[in-house]
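In: Provided below for reference: sequence and predicted model.
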Amino acid sequence: MLKREEVVDRLNHIFRDIFDDDDICVTDNTAAADIEGWDSLAHITLILGVEREFRMKMTAAEVGSLKNVGQMIDLIVARG
Amino acid sequence: MKKESRPADEIALVRQLIAEGSYEQALALLRSQVAPAEDFSVQAKAARLVSKIPASALGKPVRVALLASSTLDQFSDLLKLWLAFEGFAAEIWIASFDTMHAQVLDKDSELYRFQPDVIWLFNTHRDVRIEVALGDTSGVGAAVAAAVAGRTSLWNALKANCSAAILDNNADIPVSDVLGNFAGQAAWSRRNLLRRFNLELAAAAPSGVTIVDFEHLSSEYGKRGWVDRRYWYHSKHAINFQAQGAVAFVGARTIGAMKGLAKKCVVLDLDNTLWGGVIGDDGIEGIRLGVGADGEAYVDIQLWARSLKERGIILAVCSKNEHDIAKDAFERHPDMQLKFDDIAVFRANWENKADNIRYIAETLNIGLDSLVFVDDNPVERNLVRQNLRMVAVPELPEDPAEYLSAIEAELYFETVSFSHEDTERSGFYRDNAARAAQMATFTDQGEYLTYLDQAAEAGDLDRVNLARMAQLVNKSNQFNLTTIRYTESELIHLAAETGSRVRYYRLTDRYGDNGLISVVVLKKIGQDVLEVDLWVMSCRVLARTMEEFIFNDIVEVARTLGCGVVLGRFRPTAKNKLVARLYERLGLTKVSESAEETVWQLALDSDLGARKTYVAAAHVKHGELADA
C-alpha cells in the first residue's frame, strides 16, 4: 500500500508542473481556492495527471466530488 | 516506432531555451519530444510551455473559431500547440456551450465579430439527429437528407456572412448499439443511418467546406477508447483526452494545407529504402524486392510512392550509388513498381545528401520546406536534419514493414482540394526536363521560345477553375508579389465586387499543357487606379515571357475599366526575391520604397505599348463572374 507521504510527494510534482509554481506544497487541507489557477478546467488536467501518475482511474462521480487534496490522497491510497 | 524515454532534462532544456528567448530551438526540441498520440498530460504540459512563447515568435497569425455542444477548452490548448508546431500563432475563440446555431445564423454574433480565418463546427455523432422508426426502411432516405440539409444550411449561412474557411466533423459512429451485429444490416439502425449521413454529408460539402473525418479518426484511434464516458457525464467532453492530440494534429495539418504548407515532393533513398540490400554490392539479382517478407514490404513502399505521384506529389531520388547501376535497377528489375520515368530528379552519386537535396529543390524550383526526405540510414537523416532544417525527415523504424505507417502518421500530404492539375503535375515536371534538354540546343532564347509555340488562355474566375486557383494562390511562395492568401470563398467574394477582377492564365506549348499557371487579383482604387492586389505564378513557366503576356492582359483590363494607372506592390518575404525587380523589368516606375514594400506604377498614357512576349493569346475572355 502507498504511504501518504509518498503520495504527497508525487502529488507535489504534479501540482508544481500543472500550476507552474515550484513552491507549491500541498497538505490534506489544500483546496482549489488555495492555488491560483485551480479552476474546473485545471481540475480535469490535474485528475488526468493523477490518473497517469498513479496508474488508476477515478469514477465520473469521484472526479466531480473531490473537495481537497486530503480526499484525493484517501482515494489514491485506497486504490493503490 | 522506437520510443526513446523522455528525460525530464529535455523539458527543462525547453524551459531554459524559452527563458533565453531561443524560441525556434525550443519549439523544434519540444516537437521532437511530443507525438500526436502522446499522453494528454505530456501534451498539455507542452501546450503550457508553448503558451509562454510570444505570438510574434510562433509564426503567422491565424484566428480559429470553435463551436460545439461539447467542452473544448483542453482541446483548444492542444490545437494551439499543434498549430504552433505547424508555424502558426493561433488565436482561438470558443463559442459558449451549445450556441452553434445562434452564432452562425445571427450575422452580428460574437462569432463574426471575432473575424475568424477558420471556423470549425466541432460536431460529433451526438449532434446528428436522424429520426427513423425501428423497421422503417422507406423513411431512411428522407430522414438522412433532412439531417444533411441541417448542416448545409449552417454552411450556407457561414458563407453568406463571412469568408472564413469552414471545417465540419462527420459522425464518429459510436460502438454501442442495441441491435448488436444486426445494426450493420438494417438500413434504419443508428449505425447505418450515420454511415449514410457521412457519405451524403461529404457529397454535399461545397468548396470552402472541409469535412474532418471523425469516423476515420475514431476508428484509427480505436472506437472503444475514443469516448471516455466518465468525462462526458462529468463535464461533456465528447472525445477521450488521450485522443484529442491526434485530432488537434489533423486540424493543424489541415489548416496548414489550406495555407499552402503541405509537402510537394518526396526525396527517396534507394538501398534498404526502396529495396532490401545494396544494389552496388548485391546486383540486380541480389537485392530483395518482390520476394520474401521484406521484399514484399519494399514493393508496397514503391506502390505507395507511385500512388503519391499519381495524386500530384513529385518523386525524386537521392542515393549514394553509381548512377548507371541504380538506374539499371529501375529499368531491369522485374518487381520494380517505380519506373525511371516516375522520378522527376534522379541523383545517384557520392556527394553528400544535403547538397543533393538542395540541388533537387533548385531543379524543381520548389522550397526546401516542401520536401520530405525518406532514408533508412539514421546518419544520413541526421546530416540532412542538421544541414537543412526546413526539410521534413521522418524517423524510420528498423523494419521496412513499418516504414509506411511511420511516414503516414506524419500527415505530410494533407490537402483540402483536388484538381485535375494534381494528377498531371509529375508530367509537367517531366515535360520541363524535356524542354530544358531542347533549350540546350538553341543558342538564342528568342529562337527557343518561338520554337516552343506557346499559347495562353486568360479568363475570369469560374467554377471549373476555382479549386486550382485557390490552390495556386495559397501554395505559391516564390513568384508571389504580395503573399496575400485568399480562400476559395474569399476569391468568389472578390470576383463579385464591382471594379475587381480575379483572373487566371493557362499555358500550352509544343510539349503539352502546362495547366493553370497564374492568378492575379486586380482591384480598382478610386476612379483611375487599377491595383495588382495579388499576382502568383507557377515557377514551372518562368523565363517564358509569360509575365509579359500577363501584364499586357492587366493593362487591357485597366483600359476596359477606364483606369489610367496600373499600380503594383512588391512585399519581400524570405522566398520571393525572384520577383523583387519584376515590375521594373515590365517598365513600371518606382513610387515609394520601405522595408515592407516597394510600390510601382505605370501611367497608361505614357506606356510604350505592349511588352514583347512569345506567348500568343489562345482565348482571352473578359466577362463578369456569373455564378461561381
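Out: Good, I have the coordinates.

In: Could you list every helix and strand that the helix or strand harbouring B:Ala329 packs against?
Out: Assigned by DSSP states H and E, B:Ala329 belongs to helix B:323-332. The contact analysis (3 or more Cβ pairs under 8 Å, 6 or more residues apart in numbering or on different chains; DSSP states H and E) places helix B:323-332 against helix B:279-286, strand B:345-349. Every C-beta, even on glycine, is put in place using the N, C-alpha and C of the backbone.

In: Please state the mean pLDDT value computed over the one helix or strand B:Val144 maps to.
Out: Per DSSP H and E: B:Val144 is located in helix B:140-161. Helix B:140-161 shows a mean pLDDT of 96.

In: Going by neighbour count, list what's buried in the helix or strand that contains A:Ile76.
Out: A:Ile76 is part of helix A:69-79 when elements are defined by DSSP H and E. Neighbour-count burial for helix A:69-79 flags A:Val69, A:Gly70, A:Met72, A:Ile73, A:Leu75, A:Ile76 (criterion: 16 or more other Cβ atoms under 10 Å in any protein chain shown).

In: give me the residue from chain A nearest chain B.
Out: A:Ala60 (4.0 Å; Cβ to the nearest Cβ).

In: Apart from its neighbours in sequence, what residue is nearest the closest residue to chain A within the stretch 101-250 of chain B?
Out: As assessed by Cβ to the nearest Cβ, chain A sits closest to B:Arg230 within the stretch 101-250 of chain B, at 4.0 Å. Excluding its sequence neighbours, the residue lying closest to B:Arg230 (Cβ to Cβ, 6 or more residues apart in numbering or on different chains) is A:Ala60, at 4.0 Å.

In: isn't B:Ile130 right up against B:Arg191?
Out: No - at 11.3 Å, B:Ile130 does not count as touching B:Arg191 under the criterion of Cβ atoms under 8 Å.

In: where does chain A have low pLDDT?
Out: A:80 (pLDDT under 70).

In: Enumerate the residues of chain A near chain B.
Out: A:17-18, A:20, A:40-41, A:44-45, A:48-49, A:52, A:57-60, A:63-64 (Cβ under 8 Å from any Cβ of the partner chain).

In: List just the nearest of these to B:Met100.
Out: A:Leu41 (20.5 Å; Cβ to Cβ).

In: Tell me which of the helices and strands packed on helix B:323-332 sits nearest to B:Arg113.
Out: From the helices and strands packed on helix B:323-332, taking Cβ to Cβ, the stretch that ends up closest is strand B:345-349, at 49.0 Å.

In: hang on, the earlier thing: for the residue nearest to B:Arg230, what are its contacts?
Out: A:Ala60 makes contact with B:Arg229, B:Arg230, B:Tyr231, B:Tyr233, B:His234, according to Cβ atoms under 8 Å, 6 or more residues apart in numbering or on different chains.

In: Tell me which helix or strand comes right after the helix or strand bottoming out on mean pLDDT in chain B.
Out: Sorted by mean pLDDT, DSSP states H and E, the helices and strands of chain B end with helix B:420-439, the least confident at a mean of 73. Sequence-wise, the next helix or strand downstream of helix B:420-439 (DSSP H and E) is helix B:445-452.

In: pLDDT weak spots in chain B?
Out: Using pLDDT under 70, chain B drops low at B:1-8, B:430, B:433, B:437, B:619-628.

In: interface residues of it facing chain A?
Out: Selection of chain B residues close to chain A by Cβ under 8 Å from any Cβ yields B:39-41, B:44-45, B:48, B:73-74, B:229-231, B:233-235, B:237, B:241.
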